[in-house]
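Trainee: Sequence first, predicted coordinates after that:
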Amino acid sequence: MCSLGHQKHAAISRYIKVSLLTVSLLFIINAANENSLLQKARHRFGVIPGKPPELTKNPLSAAKIELGKMLFFEGRLSANGSVSCNTCHDLAKAGVDNLETSIGMNGQKGNRNSPTVYNAIFNFAQFWDGRASDLQEQAKGPIQAAIEMNNKPDQAIQTLKSIPAYAGLFRAAFPNDAEPITFENLAKAIEAFEATLLTPESRFDQYLSGDEAILTEQEKRGLGLFITKDCATCHKGINLGGLSYHRFGVAKKPGDTILPPNDKGRLSVTHSASDEYVFRAPSLRNVELTAPYFHSGKVWDLKEAITVMTTVQLGVKMKDKEVEEIAAFLKTLTGKIPTIVPPKLP
Ligand code: HEC
Ligand code: HEC
């Protein structure tokens, strides 16, 4: 009786020991898995910093940033005074216009969707085809584009010179220049302002910073798929994109609606046949808010955009559940959109 009780006791304690071991092993394996997902993510992506990066060729100053902000909202940079940068990159709407393709002066419609200006500083080149190497070069484009602001650099500078308050604002921003109101300086001021257009503190960034519990299991599965299915080969870095060029249609050419045949992408920049239908992988930061998608702006639904990507870039079919998981993950990229009060223009 007594020895039976003893045996029973020993069996129970063995059972408890084995269970404890199993539980702690599972815990360790789980933790390692979690860690490796976080580590894989840290290896491929980066956190949006809370303050603007240093610009080596264009040092930031409060006066320059303030001037850039005014110019960003300045309709008088367009030929008829009606269109500003903010018209198509509405800072209150995640830096986009939420239109298929943008509408410029006199209601003219362009042929490309307006990308967001938020976090654009982290892209390695600007525009869908990368034809501007940085934001300074980029800013000169729309002022002169016929269907956007339709202006001439000299004309834009004449207009600014005719508004007395700009003399002081440019002098404060460029104190060492004898003649501060130039097209070059206008572009520098806009670049400086754009460097401050950041959307930090997304849930994904909090995860990358070590708060593993902030993502749901579904979102983590989506992140895992985003890495294992190779989305992250092209959508990498701080912006999950903006750092490389790829053919739109690596595995299968998209239809003419999504990929209009006459817009040949980087071919028009490099004139190299191998760049036909090659575009810069766009940033996926705040993608939840920046519909419609693709350079043609033809797709309004995020899950549909993901399905297009799996078909045309990867040549695979994904289960609905997986597409939903990736969509859930992409929504964790929505950061804090700063409140930017439109300045009082002189
Ligand atoms: C009429 C609408 C319109 C106006 C006005 C406009 N943009 Fe754009 N912007 C676009 C479109 C469309 C694109 C993409 C064009 C392309 O890729 O060929 C673009 C691209 C950009 C990009 C590149 C972003 C990226 O990820 O590649 C930046 C930055 C930008 N614009 C800033 C500005 C600034 C600064 C101004 C004012 C000086 C301005 N835009 C005026 C529509 C506009
Ligand atoms: C081979 C490179 C490559 C791979 C792999 C890839 N993408 Fe893309 N992605 C691109 C390019 C290039 C575009 C821009 C296409 C265009 O509009 O010209 C794009 C566009 C997108 C867009 C639209 C964003 C916008 O603002 O318009 C989304 C969303 C997207 N990709 C998600 C994904 C997902 C999710 C995966 C994995 C299932 C993936 N991508 C795989 C290169 C890639």
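Mentor: Nice, thanks for sending it over. Ligands and ions are numbered 1, 2, ... in the order given.
Trainee: So which residues of the stretch 101-250 of the chain form strands?
Mentor: Here the stretch 101-250 of the chain has its strands, by DSSP state E, counting those that start in this stretch, at 245-247.
Trainee: So the most centrally placed residue in the chain: helix, strand or coil?
Mentor: The centroid of the chain falls nearest to S283 when counting by C-alpha atoms, centre = their mean (3.3 Å). Here S283 is recorded as coil under DSSP: H, G, I helix; E, B strand; the rest coil.
Trainee: okay, and for this structure, where does confidence drop off?
Mentor: For the chain, applying pLDDT under 70 flags the ranges 1-13, 15-35.
Trainee: Please repeat the previous calculation with a cut-off of 50.
Mentor: By pLDDT under 50, the low-scoring segments of the chain are 1.
Trainee: With adjacent residues omitted, what lies nearest to A192?
Mentor: Leaving aside its chain neighbours, A192 sits nearest to K64 (4.4 Å; criterion: C-beta to C-beta, 6 or more residues apart in numbering). Just so you know, the C-beta spots here come from the backbone N, C-alpha and C atoms, and that holds for glycine as well.
Trainee: now K93
Mentor: Spatial nearest neighbour of K93, excluding adjacent residues (C-beta to C-beta, 6+ apart): L289 at 7.3 Å.
Trainee: for that neighbour, what are its contacts?
Mentor: 93-94, 96, 334, 337 (C-beta atoms under 8 Å, 6 or more residues apart in numbering).
Trainee: which among the residues you listed end up buried?
Mentor: Taking 16 or more other C-beta atoms under 10 Å as the criterion, what is buried in the contacts of L289 is 94, 96, 334, 337.
Trainee: measure the nearest residue to the first one once chain neighbours are set aside to ligand 2 for me?
Mentor: What that stands for is A94. Spatially, and ignoring its direct neighbours in sequence, A94 is nearest to L289 (3.9 Å; C-beta to C-beta, 6+ apart). Using C-beta to the nearest ligand atom, to the nearest Å, L289 is found at 10 Å from ligand 2.
Trainee: Likewise for V117?
Mentor: Between V117 and ligand 2 the computed distance is 13 Å (C-beta to the nearest ligand atom).
Trainee: next one: E212
Mentor: 22 Å.
Trainee: Check P59 too.
Mentor: Distance, P59 to ligand 2, using C-beta to the nearest ligand atom: 31 Å.
Trainee: repeat for D177
Mentor: 38 Å.
Trainee: Could you measure from that residue over to E184?
Mentor: Distance from D177 to E184, counting by C-beta to C-beta, to the nearest Å: 9 Å.
Trainee: Likewise for K51?
Mentor: Plainly put, K51 is 25 Å away from E184 if you go by C-beta to C-beta.
Trainee: more crowded one of those two?
Mentor: Between K51 and E184, counting by other C-beta atoms under 10 Å, E184 is the more crowded of the two (13 against 10).
Trainee: Greatest separation within the buried ones among the contacts of L289: which pair is it?
Mentor: Farthest pair in these (C-beta to C-beta) is V96 and T334. Separation: 13.2 Å.
Trainee: Report the closest residue of the stretch 151-300 of the chain relative to ligand 1.
Mentor: Closest residue of the stretch 151-300 of the chain to ligand 1, C-beta to the nearest ligand atom: I190 (4.8 Å).
Trainee: Surely that residue touches C85?
Mentor: Yes. With contact defined as C-beta atoms under 8 Å, I190 counts as touching C85 (7.3 Å).
Trainee: Near ligand 1, which residues of the protein are found?
Mentor: Counting by C-beta under 6 Å from any ligand atom, the chain comes close to ligand 1 at 83, 85, 87-89, 102, 104, 110, 112, 114-115, 117, 120, 123, 126-128, 135, 138-139, 142-143, 148-149, 190.
Trainee: between I190 and C85, what contacts are shared?
Mentor: With C-beta under 8 Å, 6+ apart as the test, I190 and C85 both reach 71-72, 139.
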